[in-house]
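Q: I'd like to go over a predicted model; first the sequence, then the structure.
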Amino acid sequence: MNQSEHPRHQLCDELAHPVRFSLVAAIAGTEESEFAAVREHLQVSDSVLSRQASALEAAGIVGIRKGFVGKRPRTWLSLTAEGREKWAKHLAALNAIAGNGM
C-alpha cells in the first residue's frame, strides 16, 4: 500500500452536507444563479437553501447578492474564486477516492 496521504484529507468539510454539495454543483457551471431557480432545482425549501447558502458564504465558498428586478426583491448565488478552487479540489479528491483501490 502506498504511504502517501489518503485523498480524503483533501475533501472540503463544508461540502460534506448533501444540500451544500448539491448547491455548489448546481451553480459551479454558472457565473451567477437566481435563488429561486436553485431552490427549484434542488427541491428544497427557501429556509433550507438560505441556511446552507449562508453557511457556504461564511466559509468563503459562495457569494450572495441581493437586488431587485422591478420592484421584486431577488437573490443571486455565485461561487467565489476560493469556492471554485475548493470545489475543484473536492471533486479531485472524490475521484481519487473512487478510483483508488487498495
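A: Cool, got the structure. Residues are numbered from 1 along each chain as shown.
Q: Which parts of this structure are strands?
A: Ranges of strands within the chain are 33-34, 62-69, 72-79, based on DSSP state E.
Q: closest to Pro18 out of those strands?
A: strand 62-69 (15.7 Å; CB to CB). C-betas here are computed from N, CA, C, even on glycine.
Q: can you give me the offset of that closest one from its chain's centre?
A: The chain centre lies 16 Å from the centre of strand 62-69; the measure is CA atoms, centre = their mean, to the nearest Å.
Q: Next: stretch 5-17.
A: Taking mean C-alpha positions (CA atoms, centre = their mean), stretch 5-17 and its chain are 13 Å apart.
Q: Please apply the same query to stretch 65-75.
A: The chain centre lies 22 Å from the centre of stretch 65-75; the measure is CA atoms, centre = their mean.
Q: swap in stretch 22-42?
A: So, by CA atoms, centre = their mean, the centroid of stretch 22-42 is 9 Å from its chain's centroid.
Q: thinking again about what came up before, distance to Ala55 for the strands of the chain - can I get that in JSON lines?
A: What follows is the strands of the chain, written out as JSON lines (distance: least, CB to CB, whole Å):
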{"stretch": "strand 33-34", "distance to Ala55": "17"}
{"stretch": "strand 62-69", "distance to Ala55": "9"}
{"stretch": "strand 72-79", "distance to Ala55": "12"}
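Q: what's the burial count for the closest residue to Lys86 other than its chain neighbours?
A: Excluding the flanking residues, the one nearest Lys86 by CB to CB, 6 or more residues apart in numbering is Cys12, at 4.7 Å. Residues lying near Cys12 (other CB atoms under 10 Å) number 19.
Q: likewise Gly99?
A: Gly99, neighbours per other CB under 10 Å, totals 8.
Q: what does Gln10 give?
A: Gln10: 15 surrounding residues under other CB under 10 Å.
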